[in-house]
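1. based on what follows, work out the 3D shape:
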Amino acid sequence: MPSIYRELVDWYPLLDPTADHREEAGIYADLLTRGCPGATTLLELGAGAGNNAWFLKERFRCTLTDISPEMLGLSRAQNPDCEHLTGDMRTLRLGRAFDAVLVHDAVTYMLTPDDLAAVAATAFVHTRPGGAALFAPDCTRESFEEGTTTAGNAAGGRALQYLEWSWDPDPIDTTYRTEYTFLLREAGAVRAVHETHEGGLFSKDEWRDTLQQAGFEVEVIHFVLTDFEFEGDIFLCTRP
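-> Down below sits the predicted model:
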């Protein structure tokens, strides 16, 4: 597991501020409500620091899961009113179903078709009949572009700047890489950390087929985040 989700987790709020998620969380909530009118309960697989949940809990009663106990610790701090459970989105089985299931960008860490199918199965068994599930990967094969992003934030006497560089060393396989360099400044000193994150890269058809095979009815939706000048495809699923 990357260090930003473990030993560097206390720097994470400077990498990914909660306020940056307001627009996308609103889009996700609207789509899930469209898929399941009157939805009140929501399960998030790969909830991370709980940044989406901060906004989603205004409309849903949220159960938040993640494979990283350290990231769930961040979420508990800002979402003490939500249920938190540690678990792998490929194998989690809670024995109950929800009106809505959200699988956000953590699904990008699914590297193989079998991984993707396992997550789809987890979402399906936790979605009640008539309920909705939303899958929001960082990119599909069609939308992936090699490139770099830089940003940073400061708070509480600390500052973080980062470079994010995504590239695909082997266009034939189902993965790509994102290289991160973090510059961490604290108490007048700066240190650098580099780590490689590997993500899964699947076409829209592969996504649709996998979700349909799990039992969902699938709608592919193109969406735009104006705050970040970002656009991509997400998958709204309903369980018959």
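
2. going by C-alpha atoms from here, please, whenever you check contacts or count neighbours.
-> Noted.

3. phi, psi of residue 7?
-> The phi and psi values for residue 7, taken as degrees, to the nearest 10, are phi -70, psi -20.

4. confidence score at it?
-> pLDDT, residue 7: 94.

5. check the one 3 residues further on too.
-> Note for residue 10: predicted pLDDT of 96.

6. what's the separation between it and residue 84?
-> For residue 10, the distance to residue 84 equals 18 Å [CA to CA, to the nearest Å].

7. which one's more surrounded, these two?
-> Per other CA atoms under 10 Å, whichever of residue 10 and residue 84 has more neighbours is residue 84, with 22 against 15.

8. so what's the closest residue to that one other than its chain neighbours bridging to?
-> Spatial nearest neighbour of residue 84, chain neighbours left out: residue 64 (4.9 Å); criterion: CA to CA, 6 or more residues apart in numbering. Per DSSP bridges, the residues bridged to residue 64 are residue 44, residue 84.

9. which residue sits closest to residue 79, ignoring its sequence neighbours?
-> Spatial nearest neighbour of residue 79, excluding adjacent residues (CA to CA, 6+ apart): residue 54 at 6.4 Å.

10. now for the residue nearest to residue 84, how many residues are close by?
-> Residue 64: 26 surrounding residues under other CA under 10 Å.

11. any idea how far residue 192 is from it?
-> Counting by CA to CA, the gap from residue 64 to residue 192 is 31 Å.

12. low pLDDT regions in this structure?
-> Along the chain, no part satisfies pLDDT under 70.

13. tell me who's in contact with the residue nearest to residue 169 when sequence neighbours are not counted.
-> Among residues not flanking residue 169 along the chain, residue 176 sits closest, at 6.7 Å (CA to CA, 6+ apart). Residue 176 makes contact with 166, 167, 168, 169, 170, 198, 199, 200, 201 under the criterion CA atoms under 8 Å, 6 or more residues apart in numbering.

14. could you export those as JSON lines, including distance to residue 134?
-> Converted to JSON lines, the contacts of residue 176 look like this (distance: CA to CA, whole Å):
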{"residue": "166", "distance to residue 134": "24"}
{"residue": "167", "distance to residue 134": "26"}
{"residue": "168", "distance to residue 134": "26"}
{"residue": "169", "distance to residue 134": "29"}
{"residue": "170", "distance to residue 134": "29"}
{"residue": "198", "distance to residue 134": "22"}
{"residue": "199", "distance to residue 134": "19"}
{"residue": "200", "distance to residue 134": "17"}
{"residue": "201", "distance to residue 134": "18"}
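
15. residue 116 and residue 124, how far apart?
-> Note on residue 116: its distance to residue 124, by CA to CA, is 12 Å.

16. on that earlier part again, hang on, the residue nearest to residue 169 in a strand?
-> Yes: assessed with DSSP: H, G, I helix; E, B strand; the rest coil, residue 176 lies in a strand.

17. ok, what's across the strand from it?
-> The partner residues for residue 176, given DSSP bridges, come to residue 199.

18. all helices of the protein, in order?
-> Ranges of helices in the chain, per DSSP state H, are 12-15, 22-35, 51-56, 69-78, 113-125, 204-214.

19. hey, C-alpha coordinates of the first one in PDB?
-> Pointing back at helix 12-15 there. In PDB, the C-alpha atoms belonging to helix 12-15 read as follows (Å, rounded to 0.1, in the frame of the first residue of the first chain):
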ATOM      1  CA  TYR A  12      -3.100  13.500   3.200                       C
ATOM      2  CA  PRO A  13      -5.400  16.400   4.000                       C
ATOM      3  CA  LEU A  14      -2.900  18.700   2.300                       C
ATOM      4  CA  LEU A  15      -2.800  16.500  -0.700                       C
END
